[in-house]
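Engineer: here is my input; please provide its structure:
(one chain, ligands or ions: 1)
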Amino acid sequence: MSDDPEHPLVVEELTKDYGSVVANDTVSFTVNGGEVFGFLGPNGAGKSTTIRMLLGLLKPTSGSATVLGADIRDEAALTEAKRRIGYLPAHLGFEEGVTGETVLDYHGAMKGEGRRDEMLELFTPPIERPIREYSTGNKRMLGLVQAFMHDPDLVIMDEPTAGLDPLKQEAFNEFIRDERDRGTTVFFSSHVLSEVRRVCDRVGILRAGSLVELENVEALLHRSGKHVRVHASDAAVAEITALDGVVGPERFAEGVQFIYAGDVNALLRELATHDIRDVELGEPPIEDVFTHYYGSREEADEGDRSEEAADRTTRAGETDV
Ligand SMILES: Nc1ncnc2c1ncn2[C@@H]1O[C@H](COP(=O)(O)OP(=O)(O)OP(=O)(O)O)[C@@H](O)[C@H]1O
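Structural biologist: Numbers count the residues shown, from 1 in each chain. Below is the predicted model of the structure:
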């Protein structure tokens, strides 16, 4: 397939099993040109597996994908396409003994470094120091500079803000919005919906290896109900929480809070029949939106345990693209 600027990333029924674990199960989606796409899922959902297949670091069991028109199973085409791709892996395997500057020189010589100074002003790793002295955040910033400095058309990042402090996270968000304005296509994974919400045009949600949702973030939040906090008597609380659409009520000293997934008019009518001391209506906490798609917290914890196992396996060569 030739390069189609309208669809820089096309994933078709991508499947990967590691023996007993099906890490990706017929995952399909398309990222449009100039779009910022968030790939969400809890630990162990299979996000890194998809990303590593897209970069040719893992072979799919079945299915395929194209990045900038290159079939990921075609090594030569993929190598050529990677010159115009930026990649930030989750596990930054920089060589410990060299300085950040050397890392950037090496990647610059291979792929270009037209935006190196601009990137170093925004993200500020101590490039004169050896990598072994870097904090996690410093490594992440060096990785961001490296991923963008050759001015790629498509950028693929695995948990790009992990380890960044809140100020740098905000700088990242602003930077990604500017990149979209410049026409760069950005695809990144995260398990933090609030972060993705601020910058992404669309999200795909992965759960246990399958894509369970693909839509725009506002629609996702809209469908996830409202967070309601009511100050009222015990008797009123009992009646209010019996309403259809009340999910996960939690008592506090003066009332109750819950997620309301029903018709807002029905809630307002019910509230009007009681002596309410105070009421707050707002967006649901991100975690609740997620729980809706991921199921119980126990299941999410299960994912964590699988991830620990995955971490013990070798991921050599990931930064070397
Ligand atoms: N090399 C491997 N061998 C066996 N199982 C693996 C391997 N790599 C990953 N897995 C398993 O595949 C599943 C998906 O893992 P993956 O790392 O892709 O998830 P993830 O969504 O990126 O998680 P996280 O957000 O924690 O990085 C997990 O159950 C994991 O344990």
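Engineer: contacts and neighbour counts: CA atoms only from here.
Structural biologist: OK.
Engineer: so K139 sits in a strand?
Structural biologist: No. Checked against DSSP: H, G, I helix; E, B strand; the rest coil, K139 lies outside a strand; its state is helix.
Engineer: how far away is it from the ligand?
Structural biologist: 17 Å (CA to the nearest ligand atom, to the nearest Å).
Engineer: thought that residue was touching G93?
Structural biologist: No. Taking contacts as CA atoms under 8 Å, K139 lies outside contact range of G93: 9.2 Å.
Engineer: which one of the two has more residues nearby?
Structural biologist: K139 (24 against 16; other CA atoms under 10 Å).
Engineer: tally of neighbours for D244?
Structural biologist: Around D244 there are 13 residues (other CA under 10 Å).
Engineer: give me the distance between the residue lying closest to it once chain neighbours are set aside and G245.
Structural biologist: Nearest residue to D244, sequence neighbours excluded (CA to CA, 6 or more residues apart in numbering): G262, at 6.6 Å. With distances taken as CA to CA, to the nearest Å, G262 is found 4 Å from G245.
Engineer: again, but for M53
Structural biologist: Taken as CA to CA, the span from M53 to G245 is 41 Å.
Engineer: these two: which has the busier surroundings?
Structural biologist: M53 (20 against 17).
Engineer: so that one belongs to a helix, correct?
Structural biologist: Yes. Counting by three-state DSSP, M53 falls inside a helix.
Engineer: which ones are touching it?
Structural biologist: K59, P60, I72 (CA atoms under 8 Å, 6 or more residues apart in numbering).
Engineer: quick one: which of the residues you listed sit in strands?
Structural biologist: Among those, no member is found in strands (DSSP state E).
Engineer: mind putting those residues in JSON lines, pLDDT, distance to A266 and neighbour count included?
Structural biologist: Below are the contacts of M53 laid out as JSON lines (pLDDT from 0 to 100; distance: CA to CA, whole Å; neighbours: other CA atoms under 10 Å):
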{"residue": "K59", "pLDDT": "96", "distance to A266": "52", "neighbour count": "16"}
{"residue": "P60", "pLDDT": "97", "distance to A266": "49", "neighbour count": "22"}
{"residue": "I72", "pLDDT": "97", "distance to A266": "52", "neighbour count": "25"}
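Engineer: for beta bridges, what are the partners of the residue nearest in space to the middle of the chain?
Structural biologist: Central residue check for the chain by CA atoms, centre = their mean: the C-alpha nearest the mean position is that of S190, 2.3 Å away. When bridges are called by DSSP bridges, S190 pairs up with L40.
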